[in-house]
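**Student:** quick one, fold the following:
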Amino acid sequence: MKIQLKELSMKFDDVLAVNGLNVHINKGELVSLLGPSGCGKSTTLFMLAGLYKPSSGEMYFGDTLVNNVEPENRGIGMVFQNYALYPHMTVLKNIMFPLKMAKVPHKKAEEKAIEMANLVQIGHLLDRKPKQLSGGQQQRVAIARALVKQPQLLLLDEPLSNLDARLRIEMREEIRRIQQEVGITTIFVTHDQEEAMSISDKVLLMKDGQFQQYSKPQEMYDHPVNMFVGKFMGNPPINMIPVTFDHKNLSIQINGTDEKLKVTSKLNYELVSGNQMLLGVRAEDFVLEKLEGISNSFSAKVDLVERTGRDTLVHATVGNHAIRALVNQDFVVKPSNIVKLSIRKNRLQLFDAETELNLVLGKE
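**Tutor:** Below is the predicted model:
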């Protein structure tokens, strides 16, 4: 089932929780609603579920307007943050419960529940009660229960937030496997950008109830449309270095220094409001060398070298601006060393300091 949101808004008293959301979700896609707490992602999910009625705008499931359709008639399955399992029922009975409410014959309901339990790999736990299960197993029960009615839309509200770090990774992979096996359109709410990037076909990033960017995860990471998106996506966070832009020579000078770089990227000059910009570079997109004479580079002083197993993170300063760069494990550098930094091709972002919009159009 495809989903379309047109100018969707939700207001609580004087608070506009969701503001004019326009989104098209294709059949069979897994889309993550991503953003910080209070950005409107769960409110959007609850409107889709029918738990909230929009203040304005339209929601279409396929070609059907569902604004006034009751939750039980929307063809959705939902998994909440706390799983909401019935503690007195076995795993089998928990999964069967929606079919029982729909008055499906017992034998058929049991067969369907067992099929779903096997799909989520808990077929061996059918006689247990929820308190006898781990967090990950409880989550699988909740997913099986949501899928047993064969809904056309699966809604997941931060389903991994109660799990430890290792189990979160395992379960997000499982959710993606199950979603692809069933082929169901899925909307997944999370505040964890790594989680969203790892399993989504597309990510909708929100801030203060407003749409920021809606795209494939890698596209959002590689080409953020504004500073908020650039800062929200990625760990370690993107480097933001204040620079002054020289339109005539297509170059930038790092503020407070004599360090300059040529800009070879194609820029959207219609977005420019002034000469003050922020150079955005992800830590892995710096190239560090200890040699002079590297073209289109600048000098920085090493302050700290962090080795964390696979990664080596170099903290350095250029002028009074702190930067972080991920380097090859074999790169040997010590605090107080001077290094030369250049930027990998196509990896430079340039944000207008006033509008916060990204001026880079695309690849160099």
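
**Student:** check which helix or strand covers the spatially closest residue to residue 348 that is not a sequence neighbour.
**Tutor:** Spatial nearest neighbour of residue 348, excluding adjacent residues (C-beta to C-beta, 6 or more residues apart in numbering): residue 265 at 5.6 Å. C-beta coordinates here come from the backbone N, C-alpha and C atoms, glycine included. Residue 265 is part of no helix or strand, with elements assigned from DSSP states H and E.

**Student:** going forward can the numbers begin at 45, since that is how I track them
**Tutor:** That works, and once the first residue is 45, the last one we named lands at residue 309.

**Student:** any buried residues in the least confident helix or strand in the chain by mean pLDDT, and which?
**Tutor:** Every helix and strand of the chain was ranked by mean pLDDT, DSSP states H and E. The lowest is strand 330-333, at a mean of 89. Taking 16 or more other C-beta atoms under 10 Å as the neighbour-count basis, strand 330-333 is seen to contain the buried residues 330-332.

**Student:** tell me the first helix or strand C-terminal of that strand.
**Tutor:** Sequence-wise, the next helix or strand downstream of strand 330-333 (DSSP H and E) is strand 342-352.

**Student:** sheet-wise, list the partners of that following strand with their directions.
**Tutor:** According to DSSP bridges, the neighbouring strands of strand 342-352, each with its direction, are strand 355-362 (antiparallel), strand 382-387 (antiparallel).

**Student:** rounded mean pLDDT for the shortest one, please.
**Tutor:** If you average the pLDDT over strand 382-387, you get 92.

**Student:** what's next to that strand, contact-wise?
**Tutor:** Around strand 382-387, the neighbours that count as contacts under C-beta atoms under 8 Å, 6 or more residues apart in numbering are 305, 325, 329-336, 338-346, 358, 360, 362, 367, 369, 377.

**Student:** just the buried ones among the residues you listed, please.
**Tutor:** Neighbour-count burial (16+ other C-beta under 10 Å) applied to the contacts of strand 382-387 gives 305, 325, 329-332, 338, 341-342, 344, 346, 358, 360, 362, 367, 369, 377.

**Student:** what are the bridge partners for residue 367, then?
**Tutor:** As for beta bridges, residue 367 partners with residue 360 under DSSP bridges.

**Student:** that one against residue 283, yeah?
**Tutor:** Yes - counting by C-beta atoms under 8 Å, a contact exists between residue 367 and residue 283, whose distance comes to 4.8 Å.

**Student:** so what sits against both of the two?
**Tutor:** Shared contacts of residue 367 and residue 283, defined by C-beta under 8 Å, 6+ apart, are found at 325, 330.

**Student:** what about residue 235, how many residues nearby?
**Tutor:** Neighbour count of residue 235, defined by other C-beta atoms under 10 Å: 17.

**Student:** swap in residue 94?
**Tutor:** Burial measure for residue 94: 19 neighbouring residues, criterion other C-beta under 10 Å.

**Student:** OK, contacts around it?
**Tutor:** Applying C-beta under 8 Å, 6+ apart, the residues contacting residue 94 are 110, 113-115, 118, 120.

**Student:** give me the low-pLDDT residue ranges for the chain?
**Tutor:** Filtered on pLDDT under 70, the chain yields the residue ranges 337, 406-408.

**Student:** from the buried residues of strand 330-333, which is closest to residue 269?
**Tutor:** Top of the list for closeness to residue 269, among the buried residues of strand 330-333 and by C-beta to C-beta, is residue 330 at 22.3 Å.

**Student:** what residue, apart from its backbone neighbours, is nearest the closest one spatially?
**Tutor:** Nearest in space to residue 330, with sequence neighbours left out and distances taken as C-beta to C-beta, 6+ apart, is residue 369 at 3.9 Å.

**Student:** can I see the domain layout of this structure?
**Tutor:** Residue ranges of the domains in the chain are recorded as 47-272, 280-396, according to automatic domain parsing.

**Student:** deepest-packed of those, please.
**Tutor:** Scoring the domains of the chain by mean neighbour count under mean count of other C-beta atoms under 10 Å gives domain 47-272 as the most buried, with a mean of 18.

**Student:** and that one, end to end?
**Tutor:** Domain 47-272 has its terminal residues 26 Å apart, counting by C-alpha to C-alpha, to the nearest Å.

**Student:** for stretch 105-121, same thing?
**Tutor:** The stretch stretch 105-121 measures 14 Å between its terminal residues, going by C-alpha to C-alpha.

**Student:** how far away from the center of its chain is it?
**Tutor:** The chain centroid and the centroid of stretch 105-121 are separated by 26 Å, computed with C-alpha atoms, centre = their mean, to the nearest Å.

**Student:** I am finished for the moment; much appreciated.
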